[in-house]
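>>> Sequence plus the predicted model coming up.
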Amino acid sequence: MGTRTEPFEFHATFSELDEGLEKLHESVQLLREASGRTPEDTNVMHFEIALAEIGANVLTHGRPNHVDPPVEYDLELDHDTAKASFIDRGPAVVDFATRAMPDAESESGRGLPMARWLLDELIYKREGEVNKWRLVKRL
Amino acid sequence: MSLEIQSRQADNGVTVVAPTGRLDVAGAPTLKEAISEALKNGPPRVVLDMEGISFVDSTGLGSVIAALKQIRSSQGDLRLAAPNQQVRVVLELTTLDRVFPYFSTVEEALTGF
């Protein structure tokens, strides 16, 4: 791609949906700048779509009692690869690997299938009472 | 950035609903409310002007599908206009571009509607 890449890391914790979504998009904008990509860059755009889907899911379900510890979010640029992770303490995601794209009339259920398509790796693990997500996209 | 919505009546009576901001899990309820309001106040023909939408997620898209179903149940129709590249990518990925053929501009969407 002939792009310049600067070391880039972003860490945040989120307690609220709006604030969390705002920070996620802000982090991608910073990554875009660090990697010298334009807003039209398809790979970064695909990464942002997947990140926003998983992030929205985590922020919506990851703090069911609103008293739990905040969602932890990390993003880094490793050479030309974007790597993000979320840690939340919401309920386990039971059908992570099998959820398929719903039919055209459906109003929900597209987030996980879209994210799986768009990323090079999407890993979900339940460890004790904690959900761990890892998203990887080669830019 | 919360979603802000402006609505207007075009010369041919079609309601043009123009959201600005991110149409995502946080903004989707605002769009649903605006569409319901448009159906109360005018004929069930709506153009959704997407020029001001910077980003759409699957929940935002779900609110557009809900709007389409609501409008079609009133024997009307919904047209999408001026989606940016990111919105087009999401429509194509989910094959919803077959459900929502989109128009390049609001003027095109209003023509013959």
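Looks like it came in fine.
>>> Now for residue 14: which residues touch it?
Because you didn't say which chain, this covers chain A. Counting by C-beta atoms under 8 Å, 6 or more residues apart in numbering or on different chains, residue A:14 makes contact with A:20, A:23, A:59, A:70-71, A:73. For glycine as for every other residue, the C-beta is placed from the backbone atoms N, C-alpha and C.
>>> wait, chain B
B:43, B:45-47, B:110, B:113.
>>> what pLDDT does the closest residue to residue B:113 other than its chain neighbours get?
Distance criterion C-beta to C-beta, 6 or more residues apart in numbering or on different chains; nearest residue to residue B:113, sequence neighbours excluded, is residue B:14 at 5.3 Å. pLDDT recorded at residue B:14 is 95.
>>> most surrounded residue in the contacts of residue B:14?
residue B:46 (27 neighbours; other C-beta atoms under 10 Å in any protein chain shown).
>>> before we move on, the earlier item: and the gap between the residue nearest to residue B:113 and residue B:71?
With distances taken as C-beta to C-beta, to the nearest Å, residue B:14 is found 11 Å from residue B:71.
>>> where do the contact lists of the two overlap?
Common neighbours of residue B:14 and residue B:71 (C-beta under 8 Å, 6+ apart) are B:45-46.
>>> middle-most residue in chain B, spatially?
Centroid-nearest residue in chain B, with C-alpha atoms, centre = their mean: residue B:48, separated by 3.0 Å.
>>> Show me the strands in the chain, by range?
This is for chain A. Assigned by DSSP state E, the strands in chain A fall at A:8-14, A:71-78, A:81-88, A:121-127, A:130-138.
>>> wait, I meant chain B there
B:4-9, B:15-23, B:45-49, B:53-56, B:77-81, B:102-103.
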